[in-house]
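Enquirer: What follows is a predicted structure for the sequence shown.
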Amino acid sequence: MASFPYVFESNFEIGSASEWTATVGTQVAVETYKELSRQRKWGVPFRGAYALQATFGVDTDSYVRSTTIAIGSGNSAHSRFMMYIGKDVSATTTTEVVLYEHLPAIASVGLRIESGGDIFFGIRSGSAALTVSTIALERGKYYTVELHADTTNTNTCTARIVETGDALTTANGEATAATTEGRLGIIGVGAGSLADVTGTITLDGLVHDSARVYGHQQRFPQRQLLTKTGHAFISAGRIDDIQLIAGAGTDCVLEIYDTDSASTDTENLVAKMTNIASEEAVSFDGRVPLYVYKGAYVVLSGTDPQALVQIGPSSAYGNEAVIRSIKG
């Protein structure tokens, strides 16, 4: 499934992995923030209501895969996703695990989870061991992961952790002219096995494009640009203004539903906006504040629409502790 303005984008906000080609294995699942909040050791979504939860403890690769994440012969591409290392992650035997890879495996990023407790970020190509950083990562926080992959044999691929400033490189060891898909989840490589690790990794907000995507400047900005359907926020709150930014067509629709579960029941509809001209910006202009009580689910359809949302006061937006405490 392609997504404007990127080649591929997955925020899991429709409540499933249907935007991916397929799900492989049983150790990854799209979970709601309420389920993820059950254990304070787990990560809640980076933004919105849903994220991909990966659980260790079974020696089987588990991931979502997309054939839209493909890189042509002699080309390179960039990916970015958010990674939360659960507070419950530990290993009885030092284990290497890939979290995101291109297939053929021209470049993959992952973690070395050591039996001594430390966790290191790494990159690899082909079947090589991970080349890891010297900075141990913390449990219980989100990191921004970037990967630049090049399909040309021996060309450099680069992985980054934005928050630590780590930049690791490897030469593409695959004699391949192109890639066929991308995979996100938990994939055992080299040392150890996935069964030697317990705990969870939360993955969210994957974007793949031909140009570098970079990280988010803020996790909870008051002015949020939505490039695909998603929950602008969950819990009771107010939208002070919203703008539909239409693409090259007259069929763009923006709908706001009061829900935290991706429900498009018409009884939950709060507002609807459409465009009548190509590449038109349709402003709500804050005529009256829009109030929601469960969450603000912004549904975009048509030719390449985007939404610019001005978020007002909210009972939980910007406060992960409050998000974790929401019940019902």
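Expert: Arrived safely. It should be emphasised that the depicted structure is a prediction, and the values quoted were computed from it without experimental measurement.
Enquirer: for this protein, what spans make up the helices?
Expert: Assigned by DSSP state H, the chain shows helices spanning 33-36, 320-325.
Enquirer: Mind putting those into CSV with distance to F56?
Expert: (C-beta placed from N, C-alpha, C; glycine too.) As requested, the helices of the chain are exported to CSV (distance: least, Cβ to Cβ, whole Å):
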stretch, distance to F56
helix 33-36, 16
helix 320-325, 22
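Enquirer: Quick check: which of those is nearest to L254?
Expert: Closest of the helices of the chain to L254 is helix 33-36, at 23.1 Å (criterion: Cβ to Cβ).
Enquirer: any idea how far that closest one is from the chain center?
Expert: Computed by Cα atoms, centre = their mean, to the nearest Å, the chain-centroid distance of helix 33-36 equals 16 Å.
Enquirer: Next, the buried residues of that helix.
Expert: 33-34, 36 (16 or more other Cβ atoms under 10 Å).
Enquirer: of these, closest to S76?
Expert: Proximity of the buried residues of helix 33-36 to S76 (Cβ to Cβ) peaks at L36, which lies at 33.9 Å.
Enquirer: any idea how far the closest one lies from T95?
Expert: Going from L36 to T95 by Cβ to Cβ, to the nearest Å gives 23 Å.
Enquirer: Reformat the helices of the chain as CSV; add mean pLDDT and distance to V213.
Expert: Listed next are the helices of the chain as CSV, based on pLDDT from 0 to 100; distance: least, Cβ to Cβ, whole Å:
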stretch, mean pLDDT, distance to V213
helix 33-36, 96, 24
helix 320-325, 91, 23
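Enquirer: For A262, find the nearest of those helices.
Expert: Each of the helices of the chain has some distance to A262 by Cβ to Cβ; the shortest is helix 33-36, at 11.8 Å.
Enquirer: helices and strands around that closest one, which ones?
Expert: Packing partners of helix 33-36 (3 or more Cβ pairs under 8 Å, 6 or more residues apart in numbering; DSSP states H and E): strand 50-55.
Enquirer: Convert the lowest-mean-pLDDT helix or strand in the chain to PDB, keeping the C-alpha atoms and dropping everything else.
Expert: Taking mean pLDDT, DSSP states H and E as the measure, the chain has helix 320-325 as its least confident helix or strand, at a mean of 91. Only the C-alpha atoms of helix 320-325 are listed here, as PDB (Å, rounded to 0.1, in the frame of the first residue of the first chain):
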ATOM      1  CA  GLU A 320       2.500   9.300  28.700                       C
ATOM      2  CA  ALA A 321       1.800   8.600  32.300                       C
ATOM      3  CA  VAL A 322      -1.800   9.800  31.900                       C
ATOM      4  CA  ILE A 323      -2.100   7.800  28.600                       C
ATOM      5  CA  ARG A 324      -1.100   4.700  30.600                       C
ATOM      6  CA  SER A 325      -3.700   5.400  33.200                       C
END
